[in-house]
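Participant: can't give you the sequence, but here's the structure:
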């Protein structure tokens, strides 16, 4: 089925998450844990961080990219990174940009 293709096919998942990051929710566990797929997802929609595999939670760049895209993604940032200056700066800048619109 189409759902199986999204779950297991990296190329299809990349297209899907690039268009709508939260499509990562429907990707298989292996793709949710794939750095390239996860990064594409959070760059498209920071809230996709919610669906990133726990194995990637140590990746500061991924957390920063999510928060840069949408400051409200901070709620899904790993506890260990919530005081990281890079993550905090990204969250503040994202909020400032949103307020300027």
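Facilitator: Sure thing, it's come through. Not measured: the values here are computed from a predicted model. Numbering: from 1, shown residues only.

Participant: which residues of the protein fall in helices?
Facilitator: 2-8, 10-19, 29-32, 35-44, 60-69, 85-100 (DSSP state H).

Participant: contacting residues around the closest residue to residue 30 other than its chain neighbours?
Facilitator: In space, and not counting its chain neighbours, residue 30 is closest to residue 8: 7.7 Å by C-beta to C-beta, 6 or more residues apart in numbering. Using the backbone N, CA and C atoms, a C-beta is placed for each residue, glycine as well. Residue 8 makes contact with 28, 30-31, according to C-beta atoms under 8 Å, 6 or more residues apart in numbering.

Participant: Residue 38 contacts residue 61, correct?
Facilitator: No. Look at residue 38 against residue 61 with C-beta atoms under 8 Å: they stay out of range, at 10.4 Å.

Participant: more crowded one of those two?
Facilitator: Neighbour count, other C-beta atoms under 10 Å: between residue 38 and residue 61, residue 38 has more, with 27 against 12.

Participant: which of the contacts of residue 8 has the most neighbours?
Facilitator: When neighbours are counted by other C-beta under 10 Å, residue 31 leads the contacts of residue 8 with 24 neighbours.
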